[in-house]
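J.: Everything below, folded, please.
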Amino acid sequence: MSHPDVQPVTDRDDPRLTDYVGLTDVALRTRVEPARGLYIAESSVVLGRALRAGHRPRSVLIAPRLLPDVEAMLADLPGEDPVPVYVAEDPVLEAITGFHVHRGALAAMHRPELPSVPALLASARGGAGARRVAVLEDLVDHTNVGAAFRSAAALGVDAVLVTPRCADPLYRRSVRVSMGTVFQVPWTRIDPWPDGIATLRAAGFVTASLALSDDSVPLDDLAADPPDRLALVLGTEGDGLKPATIAAGDLTVRIPMAGGVDSLNVAAAAAVAFWAVRV
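T.: Numbering: from 1, shown residues only. Below you'll find the predicted structure:
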């Protein structure tokens, strides 16, 4: 076991803080964090959930008021190398990151290696195998990704698969919006896509694409007689699912609408669909 290495910091240009500089630049963070093999966890609550999921921090940056709680969380980490804990007052935190760190804690976390799709599906439900899976195709809004994960956790989805162009579930906004459930719901990337539908089919899944099309069936019909293993596929915020994805799937499903509304936000649609087919 190792104990955290507490180090006070007072200079926003301290070279030890490179991982935390300029976190408001979305394009930079989505490009640099995966390349460095890290992601940023924001708040002590999210850090705690990441630790319980077996993720390990490279370092932690906190306000002094959170030091006792964070020290307790890190005290029992396995390994001999202590985790650096950088302690800075609120004005210094804001100068480093570019925003007000009102939760008082950030952690640069090592990214875990993602499993293969077959391994992920087989390991769900204690090894019995997944029965409900969500596929997020090319979502660009990290808020929607996080919200979809939170609904998946709450409504019994066993795994989430994200396509190669989908926003990063471990981006700090995704993690924050999900309330840390990105560490609770098993996930991985499904690549290539939509050819990966064949992998789902080989694992016994029926793929239902949520889309407005002439041959779509109401979600009520699917919920009345759902297959044992079902993958719900949700598309990007603007254009929805690609035609190739719809063509490759087993059926197309629509959520019945009222009031002249034609569709829901993808995160809201995900929650409705997850609830309807829960097991």
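J.: Give me the distance from stretch 41-48 to the chain's centre.
T.: Centre-to-centre, stretch 41-48 and its host chain are 14 Å apart (Cα atoms, centre = their mean, to the nearest Å).
J.: Select the longest helix from this structure.
T.: helix 142-154 (DSSP state H).
J.: what's in contact with it?
T.: Helix 142-154 is contacted by residues 26, 134, 136, 139, 157, 160, 162, 166-169, 171, 173-179, 181-182, 184-185, 187, 234, 237, 265-267, 270-271, 274 when judged by Cβ atoms under 8 Å, 6 or more residues apart in numbering. (C-beta placed from N, C-alpha, C; glycine too.)
J.: are any of these buried, and which?
T.: Neighbour-count burial within the contacts of helix 142-154 applies to 134, 136, 139, 157, 160, 162, 166-169, 171, 173-179, 181-182, 184-185, 187, 234, 266-267, 270-271, 274; the criterion is 16 or more other Cβ atoms under 10 Å.
J.: So which of the residues you listed belong to strands?
T.: 134, 136, 160, 162, 187, 234 (DSSP state E).
J.: pLDDT added to these, as TSV?
T.: Output for those, formatted as TSV (pLDDT from 0 to 100):
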residue	pLDDT
Ala134	98
Leu136	98
Val160	98
Val162	98
Trp187	97
Leu234	98
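J.: for those, which one is nearest Ala122?
T.: Nearest to Ala122, judged by Cβ to Cβ, of those is Trp187 at 14.6 Å.
J.: model confidence over the helix or strand where Leu200 lies, on average?
T.: Using DSSP states H and E, Leu200 falls within helix 197-202. The pLDDT scores in helix 197-202 average 98.
J.: Distance from that helix to the middle of the chain?
T.: 22 Å.
J.: again with stretch 211-222
T.: Put simply, stretch 211-222 sits 27 Å off its chain's centre (Cα atoms, centre = their mean).
J.: shift numbering so it begins at 55
T.: Okay, residue one is now 55; in that scheme the one you just asked about reads as stretch 265-276.
J.: Can you give me the buried ones in that stretch?
T.: So, applying 16+ other Cβ under 10 Å, buried residues of stretch 265-276: 265, 270, 273, 276.
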